[in-house]
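> Provided below for reference: sequence and predicted model.
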Amino acid sequence: MPLSATELTARLWDGIKPTDNSSSLCIVPPLDIEGLRRKNAAAIDLRLGRWFRTMRQTKVTEIPIADSRNEESISKEHYVRFNDNFVLHPGEFVIGITLEWLKLPFDLSAYVTGKSSWGRRGLIIETAAGIHPGFTGCLTLELANVGAAPIKLNPGMQICQVFFHEVKNDGRGSTTQFVGFRKPSLGHVKKDRVLSALSKRYFE
């Protein structure tokens, strides 16, 4: 069950008092806690950051599993100022990042969803929604325009919402590959032990 507005505001670091409480949820820049209480929503709105990453279409013919090519060789990084925009045309896809830096305690996990006002305009916010306990970093957003008109993405605009819920944990955080990122990253796609075994058996 998602945390309520009251439970969220009780967990949030207020940006003034230092927090050494292992159950505190830290978001930087700090959010408007009083505004969250007035809104009484069960989610926190996050803003779009200034970094984007697109695929180099002239150099990429396919993306196989266990692709060993350097991220920079198949994709390009873009920096957009707060008073500028990134235009996402119909049918295009770009990786973005949240402006806010999050630090989840070990007993909270979360999931990110799009805002309905953007979805009704054809903007799909994410395809990888889960945020694991203990995650630290900015959230990567997979942005796709499935509508009929170009969409201007302005850094600083509210782009997504995050729901939090409690989990039973043994005091350890997740060890996912995206912890600590400040810029969008493609990450690594690897063959796991089962897929490797299946592939070997198939060719025997």
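Sure, I can see it.
> can you pull the buried residues of the helix or strand hosting Thr98?
Assigned by DSSP states H and E, Thr98 belongs to strand 93-103. Under the neighbour-count criterion of 16 or more other Cβ atoms under 10 Å, strand 93-103 has Val94, Ile95, Gly96, Ile97, Thr98, Leu99, Glu100, Trp101, Leu102, Lys103 buried. For glycine as for every other residue, the C-beta is placed from the backbone atoms N, C-alpha and C.
> cool, and stretch 105-120?
Of the residues in stretch 105-120, Pro105, Phe106, Asp107, Leu108, Ser109, Ala110, Tyr111, Val112, Gly114, Lys115, Trp118 count as buried by neighbour count, 16+ other Cβ under 10 Å.
> Excluding chain neighbours, what is closest to the third one?
If I follow you right, that is Asp107. Counting by Cβ to Cβ, 6 or more residues apart in numbering, Asp107 lies nearest to Asn169, which is 5.2 Å off, once chain neighbours are set aside.
> Mark which of the buried residues of stretch 105-120 are part of helices, please.
For the buried residues of stretch 105-120, membership in helices holds for Trp118, with DSSP state H as the criterion.
> and the two most separated of the buried residues of stretch 105-120?
For the buried residues of stretch 105-120, the farthest-apart pair by Cβ to Cβ is Phe106 and Trp118; their separation is 31.6 Å.
> Now the helix or strand of the chain with the lowest mean pLDDT - C-alpha only, PDB.
Scoring the helices and strands of the chain by mean pLDDT, DSSP states H and E places helix 193-203 at the bottom, with a mean of 70. Extracted in PDB, the C-alpha atoms of helix 193-203 (Å, rounded to 0.1, in the frame of the first residue of the first chain):
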ATOM      1  CA  ARG A 193      23.600 -17.800 -16.200                       C
ATOM      2  CA  VAL A 194      20.400 -19.400 -17.400                       C
ATOM      3  CA  LEU A 195      20.400 -17.700 -20.900                       C
ATOM      4  CA  SER A 196      24.100 -18.700 -21.400                       C
ATOM      5  CA  ALA A 197      23.200 -22.300 -20.500                       C
ATOM      6  CA  LEU A 198      20.200 -22.400 -22.800                       C
ATOM      7  CA  SER A 199      22.200 -20.900 -25.700                       C
ATOM      8  CA  LYS A 200      25.000 -23.500 -25.200                       C
ATOM      9  CA  ARG A 201      22.500 -26.300 -25.100                       C
ATOM     10  CA  TYR A 202      20.700 -25.100 -28.200                       C
ATOM     11  CA  PHE A 203      23.900 -25.200 -30.300                       C
END
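> Please enumerate the strands of this protein.
For the chain, the strands defined by DSSP state E occupy 26-28, 44-47, 51-55, 75-79, 86-88, 93-103, 108-114, 123-124, 130-131, 136-145, 151-153, 158-166.
> who's in contact with the second one?
With Cβ atoms under 8 Å, 6 or more residues apart in numbering as the test, strand 44-47 has contacts from 8, 27, 31, 36, 98-100, 112, 115, 139, 155-162, 164.
> Great, nothing more from me.
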